[in-house]
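>>> For reference, the sequence and a predicted model appear below.
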Amino acid sequence: METVHDMQRDRAWFEAELLQRFLRYASIHTTSDRHSTNRPSSAGQLDLCDVLAAELAELGAGDVYRDASTGCIVARIPARRAGAPGPGRDPHNDCDTTIGFMAHVDTAPDFPGQGVKPQVIRDYDGGDVTLTGSGHMLRPADYPALSDYVGDTLITSDGTTLLGADDKAGVAEIMTALAWFTAHPDAEHGPLEIIFTTDEEVGRGMDNFPVEQSRARYCYTVDGGDEGSVEAECFTAYHARVTFCGYAIHPGQARGKMVNPVSMAARFVTMLPQSESPEATDGRYGFYCPIELSAGLSDATLQLLLRDFELEEIERRIAALKAIAAAVEAAYPGGSVRVEAEQQYLNMRDIVRDHPLVTDMLDRAIRATGIEPRWHSIRGGTDGSRFTQMGVPTPNIFSGAQNMHSRYEWIALRSMVRAAKTVINLAQYWSQT
Ligand SMILES: [Zn+2]
């Protein structure tokens, strides 16, 4: 029977392991760059991948594949069993189901990620936290979730950078789960696959993913937020590009002739329904989000994100963009507007629900850590969304990260312990199927 002393020792082991790993990974600058055409988009991501590849080998990965074109890692940990293999099981485990765990090494380009100086606040007193590098305050009045962690250890940035818990917390939690198996040689698990991707934050995590290297039948991303939250549904995402062509002429001789793409693009943006913008929606409502506009007198280009949970709604949005384009063309005779839309990823729900064991196992794995799982829909996507489309159902597990992509990003060590234990539980449960 486990004693109170054992439980304290166990918690201390997890906290120490997670903290040292997370701080080490957070110190490496891995901000991705959406304007770079390189892969990965920033060299620092490879530095973290180097560290992880070496550590994976130490933690029993027999086979650590580094992809030359993307920098991503696909590592395999052979199954570990006590005694003889059970009935129907190949002694070399070839018949076993390989379960993947996935996280991304890059951090969002939306906020600086170089020179991260984490603040470790032990025995948090429930008050306001000063981010000492910038003087900003992290307040429970603004972020009530802080109040759930009084007495726990919090990690924040110093306010000058983001923290990078998205997704280095996920990386640290997966690595800690592997370290736990190394420290517990009697614990069994099935064949595992660890995948660390690059450039997730710029939407390229699964572009050119070396799918032929992967044997995972099912996978889990550890890239979610609040402790206990899990997601098996995400947006269906399209990217739209609207091109405006006008007629450029010297402004002094322009009367009746000039057709100005700058004005056309501005008109187009103001015709988007404001009530269907990211800032006006939540829950299950989708949106149009103009993200970039470049315009001159000969042409203009507007980039938009289209997001919804249903494909039919996306189709409605594309049709609406075309209707707005026609209205702008009518208002600017001689000008032309072209709308092109391409799919980025699809809602994983439709595939994941055909494999209920994947979500049942996850539900059970979280319950075993002592809390109720909370199932959400992701208002976004993960690398798991794309992996699901490639045929590997991949729901998302919380990492514990809060206020991602901002100077106010923080995480509680207790959430990280729970995420790592969830990974351990899943690895064990799947070996018993
Ligand atoms: Zn993430």
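Great, that's in hand. Just so it is clear, the model here is predicted, and its values are computed rather than measured.

>>> If we ignore the residues flanking it in sequence, what's nearest P40?
Closest residue in space to P40, ignoring its immediate chain neighbours: T198 at 3.8 Å, by CB to CB, 6 or more residues apart in numbering. Every residue, glycine included, has its C-beta placed from N, CA and C.

>>> Over to C219?
Closest residue to C219 apart from its sequence neighbours, by CB to CB, 6+ apart: G100 at 3.3 Å.

>>> I'd say that neighbour and F196 touch.
No: in this structure G100 lies outside contact range of F196 using CB atoms under 8 Å: 11.1 Å.

>>> So for those two, which residue has more residues nearby?
Ranked by neighbour count (other CB atoms under 10 Å), G100 and F196 place F196 first, with 30 against 23.

>>> can you tell if the helix or strand that contains the more buried one touches the ion?
Taking DSSP states H and E as the definition, F196 sits inside strand 192-197. No: Strand 192-197 stays clear of the ion (CB under 5 Å from the ion), getting no nearer than 9.9 Å.

>>> State the distance from D363 to L357.
Distance of D363 to L357, given as CB to CB, to the nearest Å: 11 Å.

>>> Looking at the two, which is more packed in?
Neighbour tally, D363 and L357, criterion other CB under 10 Å: the higher count belongs to D363, 16 against 13.

>>> For the more buried one, which non-adjacent residue is closest in space?
Using CB to CB, 6+ apart, the nearest residue to D363 is P373, at 5.2 Å.

>>> OK, contacts around the residue nearest to P40?
Applying CB atoms under 8 Å, 6 or more residues apart in numbering, we find T198 in contact with 32, 39-41, 45-46, 49, 70-72, 104-106, 204-205.

>>> Partner strands of the one helix or strand the residue nearest to C219 maps to and their direction?
Element membership for G100 (DSSP H and E) is strand 99-104. Using DSSP bridges, the strands paired with strand 99-104 are strand 192-197 (parallel), strand 218-224 (parallel).

>>> and the angle from the helix or strand just after the last one to strand 218-224?
Counting by DSSP H and E, the next helix or strand C-terminal to strand 218-224 is strand 229-234. Angle, strand 229-234 to strand 218-224, by axes from the mean of the first three to the mean of the last three CA atoms, to 10 degrees: 120 degrees.

>>> Tell me which residues are up against strand 229-234.
224, 309, 345, 347-349, 352-353, 358-359, 362-363, 366, 373-378, 380-382, 384-385, 395-398.

>>> Would you tell me which residues of the stretch 101-250 of the chain are close to the ion?
Residues of the stretch 101-250 of the chain lying near the ion (CB under 5 Å from the ion): D166, D167, D223.

>>> Please verify my assumption that the last one contacts S385.
Same thing as D223. No: here D223 lies out of contact with S385, judged by CB under 8 Å, at a distance of 10.5 Å.

>>> quick check: mean pLDDT across the strand holding G100?
Average pLDDT, strand 99-104: 98.

>>> nearest residue to P333 other than its sequence neighbours?
Closest to P333 by CB to CB, 6+ apart is V259, at 7.4 Å.

>>> now swap in R24 and tell me
Once flanking residues are discounted, R24 sits nearest to V51: 7.4 Å by CB to CB, 6+ apart.

>>> Validate this expectation: the one you found resides in a helix.
Yes: the assignment for V51 (DSSP: H, G, I helix; E, B strand; the rest coil) places it in a helix.

>>> If you count neighbours, what's buried in the helix or strand harbouring A169?
Secondary structure from DSSP H and E places A169 in helix 165-183. By neighbour count on 16 or more other CB atoms under 10 Å, the buried set for helix 165-183 is 165-181.

>>> quick revisit: I'd say the residue nearest to P333 and G334 touch.
Yes: assessed by CB under 8 Å, V259 is found in contact with G334 at 4.5 Å.

>>> Name the residues contacting each of these two.
Common neighbours of V259 and G334, using CB under 8 Å, 6+ apart, are G246, Y247.

>>> For the two, work out which one has more neighbours and name it.
Taking other CB under 10 Å, V259 and G334 do not tie; V259 has more neighbours (21 against 11).

>>> which residues does the more buried one bridge with?
Applying DSSP bridges, one finds that V259 bridges with Y247.

>>> Outside of stretch 310-326 itself, list whatever touches it.
Under the contact criterion CB under 8 Å, 6+ apart, stretch 310-326 has outside partners 236, 238, 240, 242, 268, 271-273, 286, 288, 304, 306-308, 337-339, 341, 346-347.

>>> again, 6 Å this time
Stretch 310-326 is contacted by residues T236, Y238, A240, F268, M271, G286, L306, D308, V337, V339, A341 when judged by CB atoms under 6 Å, 6 or more residues apart in numbering.

>>> so where's the stretch 301-433 of the chain shaky on pLDDT?
Of all residues in the stretch 301-433 of the chain, none has pLDDT under 70.
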